[in-house]
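In: I would like the atomic coordinates for the input below:
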Amino acid sequence: MKEDDKYVIYNGVKMVEWWPAKIEEAQKITTIILKGKEYTRIIYGSESDDWGADDHACGDCGVLKGQYHAESCDIEECPCCHGQIFSCDCYEED
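Out: Numbers count the residues shown, from 1 in each chain. Model prediction:
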């Protein structure tokens, strides 16, 4: 975030004004291809670890319980290996 960024409140969280569009776009992407197989993405609050979805929005991307995490969220769980998707080996970019 830059010093001149403008902020909004979305899902009860202060974030840069362009981030809510990223959250809304993520809600349209319900599956992901991992290791050549299609998986349903795991929504916030359904992860193996308790990230506090009953109490607050995602601490990384700002989604609410029941929403899909925004792209590049550090908390999104991999539906293949159940690790954090940003650091697992299941996702292979073409």
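In: report the central residue of this protein.
Out: Centre of the chain computed as the mean C-alpha position; nearest residue by CA atoms, centre = their mean is His69, 1.8 Å away.
In: got the contact list for that residue?
Out: Applying CB atoms under 8 Å, 6 or more residues apart in numbering, we find His69 in contact with 26, 41, 43-44, 58, 60-61, 63, 75-76. C-beta coordinates here come from the backbone N, C-alpha and C atoms, glycine included.
In: and the buried ones among these, selectable in PyMOL?
Out: The command below creates a PyMOL selection of those among the contacts of His69 that count as buried (16 or more other CB atoms under 10 Å):
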select buried, resi 26+41+43+44+58+60+61+63+75+76
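In: show me the contacts of His69 that map onto helices.
Out: Residues of these located in helices (DSSP state H): Ala26.
In: Phe86 contacts Ala70, correct?
Out: No: taking CB atoms under 8 Å as the contact criterion, Phe86 and Ala70 are not neighbours in contact, 11.7 Å apart.
In: ok, these two, which is more surrounded?
Out: Neighbours of Phe86 and Ala70, each counted by other CB atoms under 10 Å, are more numerous for Ala70; the result is 24 against 15.
In: what sits against the more buried one?
Out: In this structure, Ala70 makes contact with 19, 22-23, 25-26, 61-63, judged by CB under 8 Å, 6+ apart.
In: how many neighbours does Glu77 have?
Out: Under the neighbour criterion other CB under 10 Å, Glu77 is assigned a count of 22.
In: ok, it - contacts?
Out: Listed by CB under 8 Å, 6+ apart, the contact set of Glu77 reads 42, 47-49, 83-85.
In: need the buried ones from these selected in ChimeraX.
Out: Filtering the contacts of Glu77 down to the buried ones (16+ other CB under 10 Å) takes a single ChimeraX command:
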select :42,47,85
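In: for Thr31, state which of the contacts of Glu77 is nearest.
Out: Distances from the contacts of Glu77 to Thr31 were compared by CB to CB; the smallest belongs to Ile42, at 11.1 Å.
In: and the pLDDT for the closest one?
Out: pLDDT for Ile42: 97.
In: thought Gly83 was touching it, still the case?
Out: No: using CB under 8 Å, Ile42 is not in contact with Gly83; the gap is 11.4 Å.
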